[in-house]
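Engineer: Sequence below, structure please.
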Amino acid sequence: MIKIGYARVSTQDQRLDLQRSALQTAGCTTIYEDQASGTRAKRPGLDRALAELGPGVVLVVWRLDRLARSVSHLVEVLKLIEAKGA
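Structural biologist: I've put the predicted structure just below:
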C-alpha cells in the first residue's frame, strides 16, 4: 500500500508544518500541498494528488476540511477516489 498526503493552508500567514508532520507520521511517501482558500476552485496540489490515485494507493489528509470546500465537494472527491479504486 502506498500512502500519499495532501495538505492545504488558506492564507499566507498559515504554515504547513503541522500537517506535513502528521502526514509523515502517518507514513505518507509523497505529500502534495496547496496554499489557497478552500473556496478557490484551482488547487494544483490536490489535482496532482488525485491523479496519483489508483488501486493500492491511499490518500491521507490531516482533516477533511483541508480536502474539500463543502460537503458536496467532499462527496464529489470521494466518488472520484472510489472510481479510481483507491
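
Engineer: Tell me how many other residues crowd T11.
Structural biologist: Neighbourhood size, T11 [other Cβ atoms under 10 Å]: 8. Yep, even glycine has a C-beta here, placed from its N, CA and C like the rest.

Engineer: Same question for A36.
Structural biologist: Neighbour count for A36, taken as other Cβ under 10 Å: 17.

Engineer: ok, and the closest non-adjacent residue to it?
Structural biologist: Distances taken as Cβ to Cβ, 6 or more residues apart in numbering place R43 nearest to A36, at 5.6 Å, with adjacent residues excluded.

Engineer: the strands in the chain, which residues?
Structural biologist: For the chain, the strands defined by DSSP state E occupy 2-9, 30-35, 57-61.

Engineer: picking that back up, who's in contact with the residue nearest to A36?
Structural biologist: 8, 34, 36 (Cβ atoms under 8 Å, 6 or more residues apart in numbering).

Engineer: Now render the residues you listed as TSV, adding distance to R69 and pLDDT.
Structural biologist: Output for these, formatted as TSV (distance: Cβ to Cβ, whole Å; pLDDT from 0 to 100):
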residue	distance to R69	pLDDT
R8	10	92
D34	12	91
A36	10	72
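
Engineer: right, and out of those residues, which lies closest to A49?
Structural biologist: Among those, D34 lies closest to A49 (Cβ to Cβ), at 9.3 Å.

Engineer: Relative to L53, how far out is that closest one?
Structural biologist: Counting by Cβ to Cβ, to the nearest Å, the gap from D34 to L53 is 16 Å.
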